[in-house]
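Enquirer: no FASTA, just this:
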Ligand SMILES: [Zn+2]
Ligand SMILES: [Zn+2]
Ligand SMILES: [Zn+2]
Ligand SMILES: [Zn+2]
Ligand SMILES: [Zn+2]
Ligand SMILES: [Zn+2]
């Protein structure tokens, strides 16, 4: 801890009641103008009535009857000649015995010349802190280990409250595949992360709306098509409604991309995210066979290690994907054989990935769109549809969901818009710019007519 003065720190100082006025030194008229700040009565009353008869004018020009001039903390009189501290601002001035002016944290007196501060979020009167206590109580604490953080620490690029000690950066600590938050230590008394069987982990927030089977994903895909048709005004190729949407695990997803004969357009996670560089969804335009997780297999317990969210019990060894897979033969004649998406991601994230893939499908099946576009244009368009879909989910009252879900959607949008890659990030920003000027409908018409994005 440094001893330098910091923002909000005030240095305690004293004054003394050396301005006791007497009848002899001031004219009555001048004093009558002043009401006592404590009792509100004109100071002339005690002036003429009381034997003590004194009036205090403080160094900040407040006037009190001498019998009304009391310490804000102990309520005892601040006597003539006694020193006092002047705390607070013009509207809420407080006078306190130096010995009564104490830190609310450690209860020790804040001596003259010592730095102190008042917490702005705390409106309670007299809530002053010495600097060490304030640092301890109000400086950010590490989300992982709960220690108060030094000057240098890490912060999650989106979730401001997620702050970490530097040292956790090098630790092999689990982080959530969907939101990239790091798992707290047991000391933080937060729920532990959930392990998925393919080696990924999810935080509790992200695991609450998880999608695990193909029928759930197909339902989401229909929602995306509905959005493209009714809200983006796109005409939907008939076959697009029949494209199989399959939920697969991480290994199968990557196998299907590298498999011979497949023409796959992978959707990589936004850079800087947990899924950086990893594929989360794929549109296959030619594929012979793919293993997927059939509907009805939505038992959470079998897709995770089965441990309760709060226990760190070891994974049961009898969980095996091969027993639940169905093999589906694909029609090689079709231009788009399937959309694959990674299982075990939050519903809205899967929906946004499916919106991305749906745009690939639309571009593939639409004969007016050039068969080959630059990756930057194609992925930029797909990311834009994904972004617009997330936005529409937040605006639709029925889908709006709770605050956590709203915030997560904003996070997925943030990942898309701040992606640093040329293809996905710059591609998105280019499309977002032209659509904000011309509207998506005109941009797509231009693409159909000229084979490229309009220049604005
Ligand atoms: Zn008074
Ligand atoms: Zn006092
Ligand atoms: Zn203290
Ligand atoms: Zn820490
Ligand atoms: Zn998460
Ligand atoms: Zn893509």
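Expert: Structure received. Here the structure is a predicted model, which is why all the values come from computation and not from measurement. Ligands and ions are numbered 1, 2, ... in the order given.

Enquirer: Which helix in this structure has the most residues?
Expert: Criterion DSSP state H: the longest helix present in the chain is helix 375-395.

Enquirer: What is that helix packed up against?
Expert: Applying 3 or more Cβ pairs under 8 Å, 6 or more residues apart in numbering; DSSP states H and E, one finds that helix 375-395 makes contact with helix 214-230, helix 347-365, helix 397-400, helix 403-418, helix 427-438, helix 440-450. All C-beta spots, glycine's among them, are computed from the backbone N, C-alpha and C.

Enquirer: which of the residues in the last one are buried?
Expert: For helix 440-450, a neighbour-count test (16 or more other Cβ atoms under 10 Å) marks 440, 443, 444, 446, 447 as buried.

Enquirer: Is residue 221 in contact with residue 245, as I believe?
Expert: Yes. The pair residue 221 and residue 245 qualifies as a contact (Cβ atoms under 8 Å) at a distance of 4.4 Å.

Enquirer: Return every residue with contacts to both of these two.
Expert: Taking Cβ atoms under 8 Å, 6 or more residues apart in numbering as the contact rule, residue 221 and residue 245 both touch 339, 354.

Enquirer: what separates residue 453 from residue 417, distance-wise?
Expert: Per Cβ to Cβ, to the nearest Å, residue 453 is found 18 Å from residue 417.

Enquirer: between those two, which one's more packed in?
Expert: Per other Cβ atoms under 10 Å, whichever of residue 453 and residue 417 has more neighbours is residue 453, with 23 against 14.

Enquirer: can you list the residues of this protein near ligand 5?
Expert: Counting by Cβ under 5 Å from the ion, the chain comes close to ligand 5 at 176, 178, 179, 203, 206.

Enquirer: okay, now the first one: neighbour count?
Expert: When neighbours are counted by other Cβ under 10 Å, residue 176 registers 21.

Enquirer: That one reaches residue 196, doesn't it?
Expert: No. With contact defined as Cβ under 8 Å, residue 176 does not reach residue 196; the gap is 10.8 Å.

Enquirer: quick one on the thing from earlier: farthest-apart pair in the residues of the chain next to ligand 5, please.
Expert: Greatest spatial distance among these (Cβ to Cβ): 178 and 203, at 7.5 Å.

Enquirer: thinking again about what came up before, residues that sit against both of residue 176 and residue 196, list them.
Expert: In contact with both residue 176 and residue 196: residue 202, using Cβ under 8 Å, 6+ apart.

Enquirer: So for this structure, the centremost residue is which one?
Expert: residue 159 (2.9 Å; Cα atoms, centre = their mean).

Enquirer: isn't there a helix covering that one?
Expert: No. Using DSSP: H, G, I helix; E, B strand; the rest coil, the secondary structure at residue 159 is coil, not a helix.

Enquirer: quick one on the thing from earlier: kindly indicate which of the residues of the chain next to ligand 5 lies nearest ligand 6.
Expert: Closest approach to ligand 6 among those (Cβ to the ion): residue 178, at 18.1 Å.

Enquirer: Now name the helix or strand holding the closest one.
Expert: Assigned by DSSP states H and E, residue 178 falls within no helix or strand.

Enquirer: just to revisit the earlier point, so which of residue 178 and residue 203 has more stuff around it?
Expert: residue 178 (28 against 25).

Enquirer: What residues does the closest residue to that one other than its chain neighbours make contact with?
Expert: Excluding the flanking residues, the one nearest residue 178 by Cβ to Cβ, 6 or more residues apart in numbering is residue 206, at 4.0 Å. Counting by Cβ under 8 Å, 6+ apart, residue 206 makes contact with 176, 177, 178, 179, 345, 346, 349, 408.

Enquirer: and the strand or helix carrying residue 134, does that touch ligand 3?
Expert: According to DSSP H and E, residue 134 maps onto helix 131-138. Yes. Helix 131-138 is in contact with ligand 3 by Cβ under 5 Å from the ion, via residue 133.

Enquirer: How far off centre is that helix?
Expert: Mean-position distance between helix 131-138 and its chain equals 25 Å (Cα atoms, centre = their mean, to the nearest Å).

Enquirer: Give me the mean pLDDT for that helix.
Expert: Mean pLDDT, computed over helix 131-138, is 80.

Enquirer: What residues does the chain have near ligand 2?
Expert: Contact residues (Cβ under 5 Å from the ion) of the chain with ligand 2: 71, 73, 74, 97, 100.

Enquirer: Now go through these and say which are in strands.
Expert: Using DSSP state E, the subset of the residues of the chain next to ligand 2 located in strands is empty.

Enquirer: The stretch 101-250 of the chain: helices as residue ranges?
Expert: 131-138, 204-207, 214-230, 250-258 (DSSP state H, counting those that start in this stretch).

Enquirer: JSON lines for these, including distance to residue 38?
Expert: Below are the helices of the stretch 101-250 of the chain laid out as JSON lines (distance: least, Cβ to Cβ, whole Å):
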{"stretch": "helix 131-138", "distance to residue 38": "30"}
{"stretch": "helix 204-207", "distance to residue 38": "53"}
{"stretch": "helix 214-230", "distance to residue 38": "66"}
{"stretch": "helix 250-258", "distance to residue 38": "72"}
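
Enquirer: quick one: residue 191 and residue 67, what's the gap?
Expert: With Cβ to Cβ as the criterion, residue 191 and residue 67 are 59 Å apart.
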